[in-house]
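Student: how would this look folded up:
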Amino acid sequence: MKKILTLAMLVVLGVTTSQAQETSKKVKAATTKVNGAGMTFVNETIDYGKIAHNADGKREFVFTNNGNKPLIITNTQGSCGCTVPTSPREPIAPGAKGVIGVKYATDRVGQFTKTVTVTSNAAGQPTKVLTIKGEVLADAAAKS
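Tutor: Take a look at the predicted model:
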């Protein structure tokens with residue numbers, strides 16, 4: 001019985017250690033430093049899900065400058081007039097976080113998938129395309 005308990009504890013301990021190593025690898029990959037300015041996003045796609053007609057369409061893309069030089073965002077452009085992005089005007093210091101805001105016009109009923117193109121001085125990837133998607137539901141009164 002003692003051998004079985006010891007074996008079970010070793011298996012559990014081995015699985016826990018393996019999971020901790022995998023988590024450590026993922027965190028390390030996300031925080032890899034680049035030479036120059038860098039930009040890593042928490043999420044590159046925002047799913048609004050199903051939202052009410054005329055609901056608040058504001059969302060945020062959070063990013064970190066994972067480089068060793070200041071990150072300068074020179075332009076943000078929505079794929080249409082219904083998607084309006086905002087970006088930081090000041091340089092983002094190495095290791096600092098920044099936010100790119102986006103507002104979708106929720107007065108348009110139906111499914112949507114739109115993009116925001118970010119232009120910056122990020123080394124290796126000066127242009128980044130972010131995505132928003134979801135569905136604006138029709139008013140209940142309009143369905144009757």
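Student: please name the bridge partners of the closest residue to residue 83 other than its chain neighbours.
Tutor: Excluding the flanking residues, the one nearest residue 83 by Cβ to Cβ, 6 or more residues apart in numbering is residue 114, at 4.3 Å. For the C-beta atoms, the positions are set from N, CA and C on the backbone; glycine is no exception. For residue 114, the beta-bridge partners are residue 132 (DSSP bridges).
Student: please tell me how far the nearest residue to residue 53 once chain neighbours are set aside sits from residue 56.
Tutor: Nearest residue to residue 53 in three dimensions, chain neighbours excluded: residue 139, at 5.1 Å (Cβ to Cβ, 6+ apart). Separation of residue 139 from residue 56 (Cβ to Cβ, to the nearest Å): 16 Å.
Student: check the gap between the residue most central in space within the chain and residue 62 for me.
Tutor: Centroid-nearest residue in the chain, with Cα atoms, centre = their mean: residue 43, separated by 1.6 Å. Per Cβ to Cβ, residue 43 is found 8 Å from residue 62.
Student: residue 132 and residue 37, how far apart?
Tutor: 24 Å.
Student: kindly report the same for residue 135.
Tutor: For residue 135 relative to residue 37 (Cβ to Cβ), the value is 36 Å.
Student: neighbour count winner among the two?
Tutor: Neighbour tally, residue 135 and residue 37, criterion other Cβ atoms under 10 Å: the higher count belongs to residue 37, 23 against 13.
Student: does that one touch residue 126 like I think?
Tutor: No - in this structure, residue 37 is not within contact of residue 126 by Cβ atoms under 8 Å, at 9.2 Å.
Student: who touches both of the two?
Tutor: In terms of Cβ atoms under 8 Å, 6 or more residues apart in numbering, residue 37 and residue 126 are both contacted by the residues residue 120.
Student: still on that earlier bit, tell me how far the residue nearest to residue 53 lies from residue 63.
Tutor: 35 Å.
Student: same question for residue 116.
Tutor: Residue 116 is 12 Å from residue 63, by Cβ to Cβ.
Student: how does this structure divide into domains?
Tutor: For the chain, automatic domain parsing gives the domain ranges 1-30, 40-143.
Student: residue ranges with poor pLDDT in this structure?
Tutor: Filtered on pLDDT under 70, the chain yields the residue ranges 1-31, 141-144.
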